[in-house]
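Chemist: What follows is a protein structure lacking sequence information:
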């Protein structure tokens, strides 16, 4: 077991960081859907503001772009600096289990599995896997060979 064991983070503080990052995810959603709406001609200006009404392939493209950008947000920030804005604000970070910075592949795998950890809603799989793990690691942490710690 690494020296990070005593400093690992459980569900609570990680949940606060994810709540903060969820605000960023919503902003990214609005930006990506609006960008697809602009490209497809489905972006409309009304008296109440700007609206985008995507359907079919355009809606799928908007959702796919949003997921890709959101995963990229987590992957790049955690790989380069060990933390997203949410993790920064609550003073936690992602490391490899050896205490070093996570690899790009480890960070990518960790964050791709975030989609499964999110299931069936509000990170239920992630919460359960952290709660039953002796090392406070969600499925993405296990696959990415990472751990979340207090620096």
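Modeler: Everything's here; your move. Predicted model only: the values in this text are computed from it and were never measured.

Chemist: any weak-confidence spans in the chain?
Modeler: Where the chain drops to pLDDT under 70, the residues are 1-6.

Chemist: Okay, strands next: where are they in the protein?
Modeler: Assigned by DSSP state E, the chain shows strands spanning 43-46, 49-52, 93-96, 146-149.

Chemist: Please identify the deepest-packed of these.
Modeler: Mean neighbour counts were compared across the strands of the chain using mean count of other Cβ atoms under 10 Å; the top stretch is strand 146-149, at a mean of 24. All C-beta atoms are positioned from the backbone trio N, CA, C, and that covers glycine.

Chemist: now that strand: how far from the chain's centre is it?
Modeler: 14 Å (Cα atoms, centre = their mean, to the nearest Å).

Chemist: elements contacting it?
Modeler: Packed against strand 146-149 by the contact rule (3 or more Cβ pairs under 8 Å, 6 or more residues apart in numbering; DSSP states H and E) you find strand 93-96, helix 104-112, helix 139-144.

Chemist: So which of the ones you listed is nearest residue 59?
Modeler: The closest of the helices and strands packed on strand 146-149 to residue 59 is helix 104-112. By Cβ to Cβ, the value is 21.9 Å.
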